[in-house]
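Student: with the input below, show me the fold.
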Amino acid sequence: MIHNYLGETIRFEIKYKKRTSMSISIDLYGNVEVQAPKGISDEQVILALEEKWEWIQEKRKEMKDRTLGSKVKTYDHGESFLYLGKEYPIQISKDTTIEQDYAVFAEDKLHIFVKQLEEEKIRQALKRFYYQQCKMLVERSIRSYQSNFKSKPRSIKITDNKTNWGTCDSKQQLTFNWRLAMAPQQVIDYVVVHEMCHMVHLNHDRSFWRLVGKILPDYKQQENWLALSSWKMTV
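Tutor: Take a look at the predicted model:
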């Protein structure tokens, strides 16, 4: 079926099943599927679609962007980068008086100050910003959830790990990927809690996941965000 609303058009498929409520899902290609109880009218389905219209369009764009893949960053004025789950443009300034290139977040922009207007200098300044922010955000999250654990981490490091968002070893030393600063705070909290739970259970057995779920009942939502958006977390 096709429906026009607010100047936009979507094509969707309805599947009638033995259920009591309606659900709307978007697949990896942006296709919309509605699962509805048998006997429900088309008008009720349309109304449900319109109520979730903004969410549907947002998810369709997300899936389209993911399919296209991440574009090469230019490090020019206006180029956008993720910070705490949202895209922000960069503003680049040359300042020969500073001791070290750096970046700060202010007024919904990532302001980057460099001695020389070179792409790699800009990139390194931005990466340094993420390292610093990640350490601060992770430590804040650990403080927030420490009451759930009897022991504390022996050390906390921020690394450039290409395969993990975080790790915990047998000595309760925690490491975290600096790219986490690009994720929403709830996602950072999940990764932190995940690794702190490894201080109690080193493997991923049922006891481990029960503990994660007890502390963060919605942790699967945060896992889903990482699964869908990690490809965008790059500098």
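
Student: tell me where the chain has helices.
Tutor: All helices of the chain, identified by DSSP state H, fall at 42-51, 53-68, 119-145, 185-197, 206-215, 219-229.

Student: would you mind finding the most buried of the ones you listed?
Tutor: helix 185-197 (a mean of 23; mean count of other C-beta atoms under 10 Å). The way it works is simple: take the backbone N, C-alpha and C, and place the C-beta from them, glycine included.

Student: by mean pLDDT, flag the weakest helix or strand of this protein.
Tutor: Ranked by mean pLDDT, DSSP states H and E, the helix or strand of the chain with the weakest confidence is helix 53-68, at a mean of 77.

Student: just how off-centre is it within its chain?
Tutor: In terms of C-alpha atoms, centre = their mean, to the nearest Å, the centre of helix 53-68 is found 15 Å from the chain centre.

Student: chain neighbours aside, what residue packs nearest to the spatially most central residue of the chain?
Tutor: Residue closest to the average C-alpha location in the chain (C-alpha atoms, centre = their mean): A183, at 3.7 Å. Distance criterion C-beta to C-beta, 6 or more residues apart in numbering; nearest residue to A183, sequence neighbours excluded, is G85 at 5.8 Å.

Student: that neighbour: neighbour count?
Tutor: G85 has 15 neighbouring residues, counting by other C-beta atoms under 10 Å.

Student: contacting residues around V200?
Tutor: 149, 208, 211 (C-beta atoms under 8 Å, 6 or more residues apart in numbering).

Student: isn't the second one right up against M196?
Tutor: In other words, F208. No. With contacts counted by C-beta atoms under 8 Å, F208 stays clear of M196, the gap being 11.1 Å.

Student: buried sites along stretch 93-109?
Tutor: Buried positions in stretch 93-109, judged by neighbour count with 16 or more other C-beta atoms under 10 Å: 101-103, 109.

Student: what's the neighbour count on W165?
Tutor: Using other C-beta under 10 Å: W165 sits among 21 other residues.

Student: and the contacts of V200 as CSV, adding pLDDT?
Tutor: Listed next are the contacts of V200 as CSV, based on pLDDT from 0 to 100:
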residue, pLDDT
F149, 97
F208, 95
L211, 97
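
Student: what's the distance between the residue located most distally from the centre of the chain and E33?
Tutor: Distance from the C-alpha centroid of the chain, by C-alpha atoms, centre = their mean, peaks at G39 (38.4 Å). In this view, G39 and E33 are 19 Å apart by C-beta to C-beta, to the nearest Å.

Student: next up, the contacts around H194.
Tutor: 166, 212, 219.

Student: what's across from the first one in the sheet?
Tutor: Read that as G166. Using DSSP bridges, the beta-bridge partners of G166 come out as F176.
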